[in-house]
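S.K.: This is the structure alone, sequence omitted:
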């Protein structure tokens, strides 16, 4: 009996000692929030590391490795089994229009229309469902997709909508058609002149088609968008972005009131998307912001200006060195004269702000590259950007590398435009258009975006176009100017860490590394190995921001 008592005492002592040692061990472990394990994680760090687990604490990546190793060091509150799916940094769109996309979601969707008649039918249906509208707005038509590849006229709009304003923007946002109600209100007629834009006439009568700066004449007759509508637009845009795996983006051109609204919504917790806001380079905005330091929170960065040099190729507003191949004596145009553009470049060069300029045509690109070179004066760390860099003269590529100028490009533009771009530019000029590999070689990195809602918000389309240089039908068979395709790794970096770098934020996001925001997505496809068709059709399984689930499928 005594022996049994001694044995029980020993067992009790051993159990108590084990509990004591376990408590010591747990107390020695660092506390953390969540362990994600059983995953194939592409870190997109400097050496493209992969691993199977990571730990998140207080919204940031704390450690990476494998499950056993991490559990030996960290006491976590929650463990999430990823089920051997694929994890990537949250996608980061280097050039988009977040607020514009939110408005687009509330308007008539005119994308993929095959004729002007289809545009009209969609407008009729939308108005039937929204009979109290004071203004009918829509976006997405592209005459290059129609059998008759010409700008439309507003005759039918005038019959259907005689008493309300109608403005239907082309897919690129650089041309629109308005009805007679708006033309009459604004006083536009055949004699109206506009600098940096065009009022399209037919038989000496305005057709309703306005290009670039011609918008300014009718803007004040478009009803104001209410604050509630603006907030709803931003929230809807965010939902769509999270669904598509975007956790961060650059909104390429906002005014002060919208920047301040976004900031207030983020601070109140109503909006979570990380936004790099480019300030529209209007005189009022320049005067206001240049008196102040750049502004930064965890969710919002305001340290750059967006300048427009020219318009879009599809509406022949891009400024070219030689005439359009399909319109004799038409060179396109600059949206501001050279003196005004240089004044803005000079002002920003003397500040702490970054300059980002929309350039499509080779003439606009040459002008801005030369102005950048004049004020950057050689190698530098300012990371000034050319947005789109779409058509470059053979002799001008060198400026990007010589002055550390960053081309910010959108791969889906190449595969959307390829069917008609040759008509605008001709065969020889086309060779140096959408030349992403050639641009990548200049500085060794290249931020990628979508320009949504000009293109789809879906970043998998970006990946597919960048690597395959094909459209949704898998054409052309060998890819469009395939020599300018990017590799899968380059494309993944272009959708994550390189946009962060273009926004001076590579130390806080864009890769899965300790200390960075825990923004990541879970996919069921391997972007670096799966068939390209599968990648284009893939869906996001989950999106996390600060380690918190914001979307699940």
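M.R.: Cool, the structure landed. Since this is a predicted model, take the numbers as computed values, not measurements. Numbers count the residues shown, from 1 in each chain.
S.K.: quick one: contacts for residue 169?
M.R.: 137, 138, 139, 140, 141, 175, 176 (C-beta atoms under 8 Å, 6 or more residues apart in numbering). Where you see a C-beta, it was placed from the backbone N, CA and C, and this is true even at glycine.
S.K.: got those as TSV, with distance to residue 263 and pLDDT columns?
M.R.: Listed next are the contacts of residue 169 as TSV, based on distance: C-beta to C-beta, whole Å; pLDDT from 0 to 100:
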residue	distance to residue 263	pLDDT
137	26	95
138	29	95
139	26	95
140	29	94
141	34	95
175	32	93
176	30	94
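S.K.: Between which two of these is the distance greatest?
M.R.: Maximum pairwise distance among the contacts of residue 169 (C-beta to C-beta): 14.3 Å, between 137 and 175.
S.K.: neighbour-wise, which of these two wins?
M.R.: Neighbour totals were compared for residue 137 and residue 175, and residue 175 leads with 28 against 21 (other C-beta atoms under 10 Å).
S.K.: quick one: the more buried one and residue 318 touch, right?
M.R.: No - counting by C-beta atoms under 8 Å, residue 175 does not reach residue 318; the two are 11.8 Å apart.
S.K.: any idea which of the contacts of residue 169 is the one closest to residue 346?
M.R.: So of these, ranked by how close each gets to residue 346 (C-beta to C-beta), first place is residue 175, at 30.7 Å.
S.K.: Next up, the contacts around the closest one.
M.R.: Going by C-beta under 8 Å, 6+ apart, residue 175 touches 151, 169, 209, 210, 211, 212, 311, 312, 314, 315, 317.
S.K.: Need phi/psi at it.
M.R.: Main-chain torsions, residue 175, degrees, to the nearest 10: phi -150, psi 150.
S.K.: Out of the contacts of residue 175, list just those in strands.
M.R.: Here DSSP state E is the test, and these give 169, 209, 210, 211, 212 as lying in strands.
S.K.: from these, which is closest to residue 129?
M.R.: For the ones in strands among the contacts of residue 175, the nearest to residue 129 is residue 169 (20.0 Å; C-beta to C-beta).
S.K.: Identify the bridge partners of that closest one.
M.R.: residue 139, residue 176 (DSSP bridges).
S.K.: Which per-residue confidence value corresponds to it?
M.R.: If you check residue 169, the pLDDT there is 95.
S.K.: Residue 211 versus that one, what's the distance?
M.R.: 11 Å (C-beta to C-beta, to the nearest Å).
S.K.: and residue 378, what is it in contact with?
M.R.: 402, 403.
S.K.: I'd like the distance between it and residue 351.
M.R.: Counting by C-beta to C-beta - residue 378 and residue 351 are separated by 19 Å.
S.K.: Repeat that for residue 439.
M.R.: Residue 439 sits 26 Å away from residue 351, going by C-beta to C-beta.
S.K.: Tell me which of these two has more neighbours.
M.R.: Between residue 439 and residue 351, residue 439 has the larger neighbour count (other C-beta under 10 Å), namely 22 against 17.
S.K.: and that one, that's in a strand?
M.R.: No - counting by DSSP: H, G, I helix; E, B strand; the rest coil, residue 439 falls outside a strand, being helix.
S.K.: ok, it touching residue 447?
M.R.: No - in terms of C-beta under 8 Å, residue 439 does not count as a neighbour of residue 447; the distance is 10.6 Å.
S.K.: Give me the common contacts of the two.
M.R.: Common neighbours of residue 439 and residue 447 (C-beta under 8 Å, 6+ apart) are residue 409.
S.K.: beta partners of the residue nearest to the spatial centre of the chain?
M.R.: Most central in the chain under C-alpha atoms, centre = their mean is residue 96, positioned 2.9 Å from the mean C-alpha point. Residue 96 has these beta-bridge partners by DSSP bridges: residue 251.
S.K.: so what's it up against?
M.R.: In this structure, residue 96 makes contact with 249, 250, 251, 252, 449, 450, 451, 452, 457, judged by C-beta under 8 Å, 6+ apart.
S.K.: Would you reformat those as JSON lines and include distance to residue 108?
M.R.: Shown next, in JSON lines, are the contacts of residue 96 (distance: C-beta to C-beta, whole Å):
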{"residue": "249", "distance to residue 108": "24"}
{"residue": "250", "distance to residue 108": "27"}
{"residue": "251", "distance to residue 108": "23"}
{"residue": "252", "distance to residue 108": "23"}
{"residue": "449", "distance to residue 108": "25"}
{"residue": "450", "distance to residue 108": "21"}
{"residue": "451", "distance to residue 108": "20"}
{"residue": "452", "distance to residue 108": "17"}
{"residue": "457", "distance to residue 108": "18"}
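S.K.: List just the nearest of those residues to residue 258.
M.R.: Nearest to residue 258 among these, with distances taken as C-beta to C-beta, is residue 251, at 8.4 Å.
S.K.: care to break the protein down by domain?
M.R.: Annotated domains of the chain cover 2-84, 92-96+225-552, 135-219 [automatic domain parsing].
S.K.: so for the first one, what's the average pLDDT?
M.R.: Pointing back at domain 2-84 there. So the average pLDDT for domain 2-84 ends up being 84.
S.K.: What of the longest one?
M.R.: Domain 92-96+225-552 shows a mean pLDDT of 97 in the predicted model.
S.K.: mind checking how far stretch 183-198 is from the chain centre?
M.R.: 32 Å (C-alpha atoms, centre = their mean, to the nearest Å).
S.K.: Now residue 373: which helix or strand?
M.R.: Residue 373 belongs to helix 362-376 when assigned by DSSP states H and E.
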